[in-house]
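K.L.:
fold the following.
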Amino acid sequence: MHIDRLLGRAAERLSEAGSASPRLDAEVLLGHVLGVDRTWLYTWGDRAASGFERARFEALVAARAEGHPVAYLIGQREFWGLALATSPHTLIPRPDTETLVEIALELATATEGRLLDLGTGTGAIALAFASERPGWQVTGIDRIEEAVALAATNAERLNIANVRFLVSDWFSALANECFDLIVANPPYIAESDPHLMLGDVRFEPLSALVAGEDGLDDLRRLVKSAFPYLRPGGWLAMEHGHDQAERVRQLLQAAGYLDVASHHDLSGQQRVTLGRMAG
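P.N.:
Numbers count the residues shown, from 1 in each chain. The predicted structure is shown next:
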C-alpha cells in the first residue's frame, strides 16, 4: 500500500476517533516508523510501505485512536527547538510553557547566574534555558526518580553541560543553596476538573497535574517556601491555569514579593505570574 493511501486511511480513522489533528498525528506516526520527516512523506507519497512498516504504523494508529498521546507513542516531543525524549512518568512538554522560558530569559540579564527549575519532568524548561544561557548554572529537580533520569538523558544527548538534575521533593535536597531565578510549572488543575478525563491528559501522571480542590495547593506552597532559596532581588516565575492569574498575584503580594505581574501565553491567556524578592 502506498504512503499516501496509508496516511489517508489513518487520518480518517483518527478523525472518527476524535483527534483534533488527525492528519498531523498520522504523519508524525508514519514518519517515526519510517525514520523520515514530514517533507519526505509529501515527496515520496507514491512509495509502497513494507508489510512490517505497515503493521507498526497501524499498531501506533490504533493506540492513538484509543487516546494515547503521540509524544508517548514515539517517545519524543519538540520543545524550544530541542528534541526531548518523553515517558509516561512525566508531563508532555507543551508550547504554552515556552512562555515561561521566554520570561526567564528576559529576567536573566546577567552573563552569569543560577536558575532552579522545580518539577523539571523531561527537563524541558531547564534545558531550553541552559541552551540559551551557557554562562548560567541550571538545576532541575523532581521527586520522581524516573523523571530525573530522563531529564539527565536528554541533557547528555543534547550535549548541554551547564545543567544538573537532582531527585528532590521541592527544596529538600537544596540545603543552603540560593538562586537568582526560580521557575516552575507545578500541578495546578483542580481535583474535580472535567478536563482530566479528556485528551492526552488522561494518560499523564496525575501527580504532575492535580493540586487540591482549587488547583492552587502547590502554588501556595511554592510561594511560601521559595523565599529562603532566592537571592536578594531574585525572581520567582510560575506557570498556572488560564483562570488563576489573579489569585496567584494575590498570593505573591501577600507573601511580600515585589513587582508582581502576569504574562500571556501564545493563545492570549494569562499563563505565567512572577514576583521579585526585595533586595
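K.L.:
who's in contact with the residue nearest to the spatial centre of the chain?
P.N.:
Nearest residue to the geometric centre of the chain (CA atoms, centre = their mean): residue 93, 2.6 Å. Residue 93 makes contacts with 71, 77, 79, 84, 86, 121-122, 124, as judged by CB atoms under 8 Å, 6 or more residues apart in numbering. The C-beta positions use only the backbone N, C-alpha and C, and glycine is treated the same way.
K.L.:
please apply the same query to residue 178.
P.N.:
114, 228-231, 234.
K.L.:
swap in residue 17?
P.N.:
64-67.
K.L.:
cutoff 7 Å now
P.N.:
residue 65 (CB atoms under 7 Å, 6 or more residues apart in numbering).
K.L.:
also residue 224?
P.N.:
Contacts for residue 224 (CB under 7 Å, 6+ apart) come out as residue 255.
K.L.:
that one: which element?
P.N.:
Assessed by DSSP states H and E, residue 224 sits inside helix 217-225.
K.L.:
which is the next helix or strand following that helix?
P.N.:
Counting by DSSP H and E, what follows helix 217-225 is strand 230-239.
K.L.:
that following strand pairs with which strands, parallel or anti?
P.N.:
strand 179-184 (parallel), strand 270-276 (antiparallel) (DSSP bridges).
K.L.:
pLDDT weak spots in the protein?
P.N.:
Residues of the chain that meet the criterion pLDDT under 70 lie in 190-198, 203-204, 206-213.
K.L.:
strands along that one, start to end?
P.N.:
Taking DSSP state E, the strands of the chain run over residues 76-79, 82-85, 113-118, 136-142, 163-167, 179-184, 230-239, 258-264, 270-276.
K.L.:
okay, the ones you listed in CSV with distance to residue 9 next?
P.N.:
Below are the strands of the chain laid out as CSV (distance: least, CB to CB, whole Å):
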stretch, distance to residue 9
strand 76-79, 24
strand 82-85, 28
strand 113-118, 42
strand 136-142, 40
strand 163-167, 42
strand 179-184, 43
strand 230-239, 38
strand 258-264, 40
strand 270-276, 37
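K.L.:
of those strands, which is nearest residue 4?
P.N.:
strand 76-79 (24.4 Å; CB to CB).
K.L.:
may I see the buried residues of the closest one?
P.N.:
Residues 76-77, 79 are the ones in strand 76-79 that count as buried (16 or more other CB atoms under 10 Å).
K.L.:
and this protein, what are its domain boundaries?
P.N.:
3-67, 76-276 (automatic domain parsing).
K.L.:
deepest-packed of these, please.
P.N.:
domain 76-276 (a mean of 19; mean count of other CB atoms under 10 Å).
K.L.:
tell me how far stretch 219-226 is from the chain's mean position?
P.N.:
On the basis of CA atoms, centre = their mean, to the nearest Å, stretch 219-226 sits 20 Å off its chain's mean C-alpha point.
K.L.:
hey, C-alpha coordinates of it in PDB?
P.N.:
Provided in PDB are the C-alpha atoms of stretch 219-226 (Å, rounded to 0.1, in the frame of the first residue of the first chain):
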ATOM      1  CA  LEU A 219       1.300  27.200  44.000                       C
ATOM      2  CA  ARG A 220       0.600  28.300  47.600                       C
ATOM      3  CA  ARG A 221       3.300  26.000  48.900                       C
ATOM      4  CA  LEU A 222       5.800  27.300  46.400                       C
ATOM      5  CA  VAL A 223       5.100  31.000  47.100                       C
ATOM      6  CA  LYS A 224       5.700  30.400  50.800                       C
ATOM      7  CA  SER A 225       8.700  28.100  50.600                       C
ATOM      8  CA  ALA A 226      10.800  29.800  47.800                       C
END
